[in-house]
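Peer 1: What follows is a predicted protein model with its sequence.
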Amino acid sequence: MARALVVLVSLLAFSNVLYAFSPTLIRDMAKVLMDNYCSPEKLAGMEEAIDAASSNTEILAIEDPTMLATVLTDGVKSTLRDPRVKVTYEPDYVPEVPPAIPDIPPEQLAAVVKGTVNVEVLEDNIAYLKIQHIIGEEMAQKIGPLLLEHVWSKVLPTSAMILDLRYAVTGEMSGIPYIVSYYTDAEPLIHIDSIYDRPSDSTTELWSMPTLLGTRYGTSKPLIILTSKNTIGVAEDVAYSLKNLKRATIVGEKTAGGSVKIDKIKVSDTDFYVSVPVAKSTNPITGKSWEVKGVKPDIEVNAEDAMDAAIAIIKLRAEIPTIVKAAASLVAENYAFESIGVDAAEKLEALANSGEYSMISSKKQLKEKLSADLAKLSGDSCLKITDNSPMMLPT
């Protein structure tokens, strides 16, 4: 209730526009938030607050509608602690209507694929896939064969992939399961995300797909996702989901912290609009969301350095089986207690084969894990990896 009163005061403090535009402008703006904002708990008591403060007649001298919109935006953002909410004055605004997919000729569909997806195969058989817009279910079904021909057939035979989302700023929610499913197994099905839609007061669960067009990339090949401070919206959801499924390593900058869906809603019959996050994501693994806060990378580097960092990680992971095997051999052949050494070596290799080392991202991390595993498997805290030699063996 207290927060709702502060929000209302922020709005009513500038109610001079009641005379310049509409006697109900501020009330109508508040109603847009009450009916559509994705976190209604932040607006508890708003209706009561409006009734209590509706007799406020304080008038300031703001006559410029654009200035008013800016001031209202600042007040609402600071009160809700949500930078995604924005009030604008746009007398010439015309809502964009996406073209009907069946009306798009095949050559234009191919242009869409080439314009939003860039694919290369780098040295060491590393796939590079750059996506700027995440298409939705309807478009995916329409251009599926083109995607297979121009994109997927090139990356499928590679041994590792870099998925570049640094420039992904638009996308459709229905495209999230498509992307995630290509990097997971067909069974068991995975609960990817739960999305609450405020206007309909309904929650939609997103699950991995049991069948896909073409072959899955699988779960064993390294997957690195590049992000930047400009990565926003649906792309953030894809990155956050694959990160928490422990399927991908995120390299780059913390993402923008946008929303799975923001609607620009007209305020009554005025030329004011409120951009409102109308849906929110809750990850089933963390119980939290990437929205507002953004997705924190596993390896934080400047966006322009993310590509080199990703390649270095992939090369390191390619060397890990050899490094682990060498460490296991040294222990088996040199440890003072032969039976313990042989047993620890066999178990260390088994750990590596089970995927325990698949998410290693640095030499430091590899050293720490090898040392911890060797100490645990042998029962000897002195058995560890050092900087100067592969192993430090007890004397």
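Peer 2: Done, it's in. This is a predicted model, so every value here is computed, not measured.
Peer 1: contacts, neighbours, all on C-alpha from now
Peer 2: OK.
Peer 1: As CSV, could you dump the C-alpha coordinates of whatever helix or strand Thr79 lives in?
Peer 2: Using DSSP states H and E, Thr79 sits in helix 65-80. Provided in CSV are the C-alpha atoms of helix 65-80 (Å, rounded to 0.1, in the frame of the first residue of the first chain):
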residue,chain,number,x,y,z
PRO,A,65,3.8,16.7,-23.1
THR,A,66,7.2,15.2,-24.0
MET,A,67,8.7,16.7,-20.8
LEU,A,68,5.8,15.4,-18.8
ALA,A,69,6.3,11.9,-20.2
THR,A,70,10.0,12.0,-19.2
VAL,A,71,9.2,13.2,-15.7
LEU,A,72,6.5,10.5,-15.3
THR,A,73,8.9,7.8,-16.6
ASP,A,74,11.6,8.8,-14.0
GLY,A,75,9.1,8.8,-11.2
VAL,A,76,7.6,5.4,-12.0
LYS,A,77,11.0,3.8,-12.7
SER,A,78,12.5,4.9,-9.4
THR,A,79,9.4,3.9,-7.5
LEU,A,80,8.9,0.4,-9.0
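Peer 1: for the record, mean pLDDT for the helix or strand following it?
Peer 2: Toward the C-terminus, helix 65-80 is succeeded by strand 86-89 as the next helix or strand (DSSP H and E). Strand 86-89 carries an average pLDDT of 94.
Peer 1: now what about strand 86-89, what contacts it?
Peer 2: 65-66, 69-70, 72-73, 77, 271-276 (C-alpha atoms under 8 Å, 6 or more residues apart in numbering).
Peer 1: Repeat that for stretch 178-189.
Peer 2: By C-alpha under 8 Å, 6+ apart, stretch 178-189 touches 137, 207-212, 215-219, 238, 241-242, 247.
Peer 1: just the buried members of those?
Peer 2: 137, 207-209, 216-218, 238, 241-242, 247 (16 or more other C-alpha atoms under 10 Å).
Peer 1: Mind checking which of these land in strands?
Peer 2: If you go by DSSP state E, those have Trp207 in strands.
Peer 1: need the contact list for Thr255.
Peer 2: By C-alpha under 8 Å, 6+ apart, the neighbours of Thr255 are 227-232, 236, 294-296.
Peer 1: which of these tops the neighbour count?
Peer 2: Thr227 (34 neighbours; other C-alpha atoms under 10 Å).
Peer 1: What does the pLDDT read for the closest residue in space to Ile340 that isn't next to it in sequence?
Peer 2: In space, and not counting its chain neighbours, Ile340 is closest to Ser378: 6.2 Å by C-alpha to C-alpha, 6 or more residues apart in numbering. On the pLDDT scale, Ser378 is placed at 92.
Peer 1: hang on, Ser378 packs against Glu338?
Peer 2: No - with contact defined as C-alpha atoms under 8 Å, Ser378 does not count as touching Glu338 (10.8 Å).
Peer 1: between the two, who's got more neighbours?
Peer 2: The neighbour comparison of Ser378 against Glu338 (other C-alpha under 10 Å) goes to Ser378, with 22 against 13.
Peer 1: what's the distance between that one and Ala350?
Peer 2: 14 Å (C-alpha to C-alpha, to the nearest Å).
Peer 1: ditto for Val155
Peer 2: For Val155 relative to Ala350 (C-alpha to C-alpha), the value is 29 Å.
Peer 1: Compare neighbour counts for the two and give me the winner.
Peer 2: Higher neighbour count among Val155 and Ala350: Val155, with 21 against 12, using other C-alpha under 10 Å.
Peer 1: Once you drop chain neighbours, what's closest to the more buried one?
Peer 2: Val155 sits nearest to Ala127 (C-alpha to C-alpha, 6+ apart), 5.4 Å away.
Peer 1: okay, and for the stretch 101-250 of the chain, where does confidence drop off?
Peer 2: The model of the stretch 101-250 of the chain has pLDDT under 70 over residues 101-104, 106, 112-113, 115-116.
Peer 1: Strands of that one, residue ranges please.
Peer 2: Ranges of strands within the stretch 101-250 of the chain are 117-122, 126-131, 133-134, 160-164, 170-171, 191-197, 202-207, 223-227, 249-252, based on DSSP state E, counting those that start in this stretch.
Peer 1: ok, and the closest non-adjacent residue to Met359?
Peer 2: Sequence neighbours aside, Thr249 is the residue nearest to Met359 in space, at 7.1 Å (criterion: C-alpha to C-alpha, 6+ apart).
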